[in-house]
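Asker: Output the structure for:
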Amino acid sequence: MSDRAAIVIAFAVTLAIVAAVAGLTGGFVWAGLRPDERAAAVELLAPRAGLLAFVGLIATGLASLAVQPVIRTYFTGARRLAEEARIMLDANPDYRIARAGAPGLRELGEAVNTLAERLRGQREEVEARIAAAKASVEEERNRLAALMSELIQGVLVCNAEGRILLYNARARQLFDTDSTTEAAPVGLGRSIFGLIDRNLVVHALDAIAQRCAQGDVDPVVQFLTATRGGRWLRIHVAQVRRHAGRDGAEAAEEAGFVLTLDDVTRAVEDDSRRDRALHSLSEGIRAPLANIRAAVESLLEYADMAEAQRARFLGVIAEEARALSSQLDRTMHEHADALKTRLPLESVLGTDLIGAAQRRIESRLGMRAEVETADASVWLEAESFSLTQGLAYLAGRLKREFGVEQVRFRLERAGRHAQLDLAWHGAAVPPATLRSWEEEPMRAGGEDSPVSFKEVIERHAGEVWHNVGDGARAPCFRILLPAMSAEPAQRRVAPVIDSRPEYYDFDLFRQPGQSPDLDSRPLAELAYTVFDTETTGLEPSAGDEIIAIGAVRIVNLRLLRHEAYEQLVDPRRPLAQASIRIHGITPEMLEGQPTIDRVLPAFLKFSEDTVLIAHNAAFDMRFLQLKEAATGVRFTQPVLDTLLLSEVLHPNIREHRLEAIAERLGVNIVGRHTALGDAIVTGEVFLRMVPLLAERGIRTLGEARAAAEKTFYARVKY
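Answerer: Below is the predicted model of the structure:
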């Protein structure tokens, strides 16, 4: 019952009571009069009946008005008291009812506060016991999280429907794109088929099922695919099975699958270059070989040919041999890197390589190792262990056979190569001795290796020789290694808000699949994108534009702060000073940023298959709707508004600003008036609202939308 209806009923009841009292009083007086007194009273009052009725109505109205404030105070105060009690019970245990209203309500509020204090104490005790019981589980969970984050391979775990349940940082990097790309990002609850072709995964799972039927235990299938970012990935697929009893027997059910990802872009490119080199070589030598063969066959067949003719054939052979040699040299020069077998290489700073070799020589050989000169800008693609082992091997041979006790390193760039010198004071090493050292298996500091130093250098596509030195420079081993043209680019990573991002959610194994009819789904089962925009002003229909979009995802009623979207937008129009003072975004910050027609497709991809949530969503949605014609992007997902839901939950509390709601529900405000910061606060507020909505019988998306549409704020238009 609404407050207005309650007041009307109270007014009618008061009117009825006054009328009844007046009627009973008049009846008793009339019954006590004699017949002549009754006649006199009738004669006196009959002409004034209308006046008496009017006075009675006035008296009744005044009495009703007099009691109305009391009725309103108790009705409204009681409802407000109930709303605040629900906040303490379901959203913010630290919230307390203020001393306000009628004396009885104040006493009731104090009693509720006392009860809340006792309830909080009991909750803390229960939570402490639960925390102690879960300590070992959390420890294992943290170990898993740490292990997953440190793996060099990407890992994705999906349920049977292809929804991502777990991923590590490497997997996110392999599929990482910038915030204006329409490629689907990695995220909990997202479909793996937005990243990898569905047919490839289905084919792999079919192959696994076939192998299982043939008796293979835990089969693994692999395939090669390209990402939208241009990387080539080798993907290993294994199935996750759940064992369940059926008719007294154990049966395995498909619960999902695990993908492990290796970046093989470099290997694929090397294979392609090698193929091109071999093709170029084969095409280039076919014609010279044919000419040489024809000339040789002619010489053999006609042994008695004239000397001049024989000389012409010999000239053809010599010319084609030179052409063949030239073609071979040219191919080896152009494709030398592709034709060599390489070790697994990584980007290594030259000074780091020298430092590792220096420590190894000093600790294992007892020699002094110093750095004479080193260019700190030189980067190598190298297998650092074999190179440091080789340098230590050379230093050990110098100490053992020539009595050298100190070596020095020099590193500088020499064109496309890095020139690394291992120098010493003393006699030069004879060339024959150097060749024997290069070709023998490396033994140094108690470690034996079957690989020779020459093989290590060849696998790095390098060269080594002995510089005998002169009066100014000491003898040295000079090693040339291919140098990188520039420092390796750092991969872009998504903004990290927490110290340990939430990468996994095993409860999603039991999450139902996507349904076209979302209104019947419980709020707890849905995935959400909570978003906010910053704009040039407050009038979207008057030409104001979006300058920033921030969003964060909620999956399984958990706010995934690491799965965030944040992008500045060039509005192509000036910013008002008033708006700059609010959000702090200046025109300089927007220079070079993408325009809205590039940003909205990427944001739509980020938010697909989710329910949109915003505070005062009509404002943000109006900006998006006005861009539909220009960008062709339409946001058709259901929308929930925390402003409307707040009025549904607390109709007797007037303040529904985001800050006020957050304070009521115990949500800390961080990064206010930034798009991403406001989205995070809105997401935390919504999560506190879900149990409060359930208390009112609002449990599904359809029920939440229907309740919000009945509020006053739902009628506001932008």
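Asker: what's in contact with the helix or strand where Thr533 lies?
Answerer: Per DSSP states H and E, Thr533 falls inside strand 528-535. With contact meaning Cβ atoms under 8 Å, 6 or more residues apart in numbering, strand 528-535 is reached by 544-555, 559, 565, 579, 583, 585, 603, 606-607, 610-615, 620, 623, 637, 640, 673-676, 678-680, 682-683, 686. Yep, even glycine has a C-beta here, placed from its N, CA and C like the rest.
Asker: In PyMOL, how would I select just the buried ones from the residues you listed?
Answerer: Here is the PyMOL selection string for the buried members of those, based on 16 or more other Cβ atoms under 10 Å:
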select buried, resi 544+545+546+547+548+549+550+551+552+553+554+555+559+565+579+583+585+603+606+607+610+611+612+613+614+615+620+623+640+674+675+676+678+679+680+682+683+686
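Asker: Out of the contacts of strand 528-535, list just those in helices.
Answerer: Among the contacts of strand 528-535, DSSP state H puts 579, 583, 603, 606-607, 620, 623, 675-676, 678-680, 682-683, 686 in helices.
Asker: Stretch 415-430: how far from the chain's middle?
Answerer: Distance, stretch centre to chain centre, for stretch 415-430: 49 Å (Cα atoms, centre = their mean, to the nearest Å).
Asker: Could you tell me the end-to-end distance of it?
Answerer: End-to-end distance for stretch 415-430: 28 Å, by Cα to Cα, to the nearest Å.
Asker: burial measure for Leu649, as a count.
Answerer: By the measure other Cβ atoms under 10 Å, the count of residues near Leu649 is 26.
Asker: residue contacts, the nearest residue to it once chain neighbours are set aside?
Answerer: Nearest non-adjacent residue to Leu649, counting by Cβ to Cβ, 6 or more residues apart in numbering: Leu692, 5.1 Å away. Residues near Leu692 by Cβ under 8 Å, 6+ apart: Arg86, Ile87, Asp90, Ala91, Leu649.
Asker: pretty sure the fourth one contacts Gly666?
Answerer: Yes: contact criterion Cβ atoms under 8 Å: Ala91 and Gly666 qualify, at 6.9 Å.
Asker: more crowded one of those two?
Answerer: Between Ala91 and Gly666, counted using other Cβ under 10 Å, the more crowded position is Ala91 (21 against 16).
Asker: Spatially central residue in the chain, please.
Answerer: Centre of the chain computed as the mean C-alpha position; nearest residue by Cα atoms, centre = their mean is Glu563, 3.1 Å away.
Asker: buried ones in the helix or strand harbouring it?
Answerer: In this assignment (DSSP H and E), Glu563 forms part of strand 558-568. By neighbour count on 16+ other Cβ under 10 Å, the buried set for strand 558-568 is Leu559, Leu560, Arg561, His562, Glu563, Ala564, Tyr565, Glu566, Gln567, Leu568.
Asker: Now do the shared contacts for Ala91 and Gly666.
Answerer: Shared contacts of Ala91 and Gly666, counting by Cβ under 8 Å, 6+ apart, come down to Arg688.
Asker: by contact count, what packs against the strand holding Glu563?
Answerer: strand 546-555, helix 596-607, helix 675-695 (3 or more Cβ pairs under 8 Å, 6 or more residues apart in numbering; DSSP states H and E).
Asker: Can you tell me the number of residues neighbouring Val155?
Answerer: 18.
Asker: Chain neighbours aside, what residue packs nearest to it?
Answerer: Excluding its sequence neighbours, the residue lying closest to Val155 (Cβ to Cβ, 6+ apart) is Asn168, at 4.9 Å.
Asker: Give me the below-cutoff pLDDT ranges for the stretch 551-700 of the chain.
Answerer: 671-673 (pLDDT under 70).
Asker: Tell me how far Arg413 lies from Leu480.
Answerer: The span separating Arg413 from Leu480 equals 11 Å under the rule Cβ to Cβ, to the nearest Å.
Asker: and these two? which has more neighbours close in?
Answerer: Each of Arg413 and Leu480 has its neighbours counted (other Cβ under 10 Å); Leu480 has more, 19 against 14.
Asker: Tell me which residues touch that one, please.
Answerer: Leu480 touches Ala414, His417, Ala418, Gln419, Leu420, Gly462, Glu463, Val464, counting by Cβ under 8 Å, 6+ apart.
Asker: which secondary element of this protein has the worst mean pLDDT?
Answerer: Least confident helix or strand, the chain: helix 336-339 with a mean of 50, by mean pLDDT, DSSP states H and E.
Asker: In the sheet, which strands lie alongside the next helix-or-strand element following that helix, parallel or antiparallel?
Answerer: Downstream of helix 336-339, the next assigned helix or strand under DSSP H and E is strand 346-349. Paired neighbours of strand 346-349 in the sheet (DSSP bridges): strand 379-382 (antiparallel).
Asker: what's the closest of the ones in helices among the contacts of strand 528-535 to Val371?
Answerer: Each of the ones in helices among the contacts of strand 528-535 was scored against Val371 by Cβ to Cβ, and Leu676 proved nearest at 45.7 Å.
Asker: surely that closest one meets Glu563?
Answerer: No: using Cβ under 8 Å, Leu676 makes no contact with Glu563, being 11.7 Å away.
Asker: Now for those two: what residues contact both?
Answerer: Common contacts of Leu676 and Glu563 (Cβ under 8 Å, 6+ apart): Val552.
Asker: Let me see the ranges of the helices in the stretch 401-550 of the chain.
Answerer: Secondary structure of the stretch 401-550 of the chain (DSSP state H, counting those that start in this stretch): helices located at 431-439, 453-459.
Asker: Kindly spell out which helices and strands sit in contact with the shortest one.
Answerer: Same thing as helix 453-459. If contacts are counted by 3+ Cβ pairs under 8 Å, 6+ apart, helix 453-459 sits against helix 384-402, helix 431-439, strand 463-467.
Asker: let's see it at 6 Å
Answerer: Secondary-structure packing of helix 453-459 (3 or more Cβ pairs under 6 Å, 6 or more residues apart in numbering; DSSP states H and E): helix 384-402, helix 431-439.
Asker: for the buried residues of strand 558-568, which one is nearest Gly194?
Answerer: After measuring the buried residues of strand 558-568 against Gly194 - Cβ to Cβ - the closest member comes out as Glu563, at 13.7 Å.
Asker: quick one: average confidence on stretch 378-386?
Answerer: Averaging pLDDT along stretch 378-386 gives 84.
Asker: hmm, I was thinking of stretch 192-201
Answerer: Averaged over stretch 192-201, pLDDT sits at 87.
Asker: Would you mind measuring the gap between the ends of that stretch?
Answerer: Length of stretch 192-201, first residue to last, Cα to Cα: 9 Å.
Asker: buried stuff in that stretch?
Answerer: Buried residues in stretch 192-201, counted by 16+ other Cβ under 10 Å: Ile192, Phe193, Gly194, Leu195, Ile196, Val201.
Asker: Could you do stretch 226-235 as well?
Answerer: Thr227, Arg231, Trp232, Leu233, Arg234, Ile235.
Asker: Please report the distance of Met367 from Gln406.
Answerer: For Met367, the distance to Gln406 (Cβ to Cβ) stands at 6 Å.
Asker: if you count what's nearby, which of these two comes out ahead?
Answerer: Each of Met367 and Gln406 has its neighbours counted (other Cβ under 10 Å); Met367 has more, 19 against 16.
Asker: Just give the nearest non-adjacent residue to that one, would you?
Answerer: Nearest residue to Met367, sequence neighbours excluded (Cβ to Cβ, 6+ apart): Ile361, at 5.3 Å.
Asker: Which strands or helices does whichever strand or helix holds that neighbour pack on?
Answerer: Ile361 is part of helix 350-365, with elements assigned from DSSP H and E. Here helix 350-365 touches strand 368-374, helix 384-402, going by 3+ Cβ pairs under 6 Å, 6+ apart.
Asker: hmm, back to that, out of the helices and strands packed on strand 558-568, nearest to Gly26?
Answerer: With Cβ to Cβ as the criterion, Gly26 lies closest to helix 675-695 of these, at 50.7 Å.
Asker: For the closest one, C-alpha coordinates in CSV please.
Answerer: C-alpha atoms of helix 675-695 as CSV (Å, rounded to 0.1, in the frame of the first residue of the first chain):
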residue,chain,number,x,y,z
ALA,A,675,34.9,6.8,-17.0
LEU,A,676,36.6,3.7,-15.7
GLY,A,677,36.5,4.8,-12.1
ASP,A,678,32.8,5.5,-12.2
ALA,A,679,32.1,2.2,-13.9
ILE,A,680,33.9,0.3,-11.1
VAL,A,681,31.9,2.2,-8.4
THR,A,682,28.7,1.5,-10.3
GLY,A,683,29.6,-2.2,-10.6
GLU,A,684,30.3,-2.4,-6.8
VAL,A,685,27.0,-0.7,-6.1
PHE,A,686,25.0,-3.0,-8.3
LEU,A,687,26.5,-6.1,-6.6
ARG,A,688,25.4,-4.7,-3.2
MET,A,689,21.9,-4.2,-4.7
VAL,A,690,21.3,-7.7,-5.9
PRO,A,691,20.5,-9.2,-2.4
LEU,A,692,18.4,-6.2,-1.6
LEU,A,693,16.4,-6.7,-4.8
ALA,A,694,16.0,-10.4,-3.9
GLU,A,695,14.5,-9.4,-0.5
